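Trainee: I need the structure of the sequence given here:
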Amino acid sequence: MSQSNSDNWGQCLRCKWWQIEPDAAIEHQTTGLCIDEQLLPFRIRITGNGGCNRFMEGEPARAAGSSERPPVAEATR
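Mentor: As a prediction, this is how the structure comes out:
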């Protein structure tokens with residue numbers, strides 16, 4: 001049985017694929033980089049209150065340059 005998109009959906013601030021600056025607070029308006037393997041090539045810069053169906057529960061990763069425009073950080077996972 002497959003899950004629907006809504007079953008997999010979650011907010012970035014609770015996702016292990018969201019990467020933020022080393023000293024950034026995990027908050028709704030914090031900006032970071034999505035480092036999901038399939039989405040990383042698009043260099044998506046998104047706030048903690050964003051979300052998608054690639055969500056995976058976990059602590060956000062951290063790397064300098066994750067909130068730049070465009071993000072310049074390398075994925076840390």
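Trainee: Now do the buried residues in stretch 63-71.
Mentor: Residues of stretch 63-71 classed as buried by neighbour count (16 or more other C-beta atoms under 10 Å): Ala63, Ser66, Ser67, Pro71. The way it works is simple: take the backbone N, C-alpha and C, and place the C-beta from them, glycine included.
Trainee: Local confidence estimate at the third one?
Mentor: Confidence per residue is given as pLDDT, and for Ser67 that number is 97.
Trainee: That one contacts Gln19, doesn't it?
Mentor: No - judged on C-beta atoms under 8 Å, Ser67 makes no contact with Gln19 at a distance of 9.3 Å.
Trainee: and for these two, which residues touch both?
Mentor: Gly32, Leu33 (C-beta atoms under 8 Å, 6 or more residues apart in numbering).
Trainee: Against Gly10, how distant is Arg69?
Mentor: Using C-beta to C-beta, to the nearest Å, Arg69 is found at 25 Å from Gly10.
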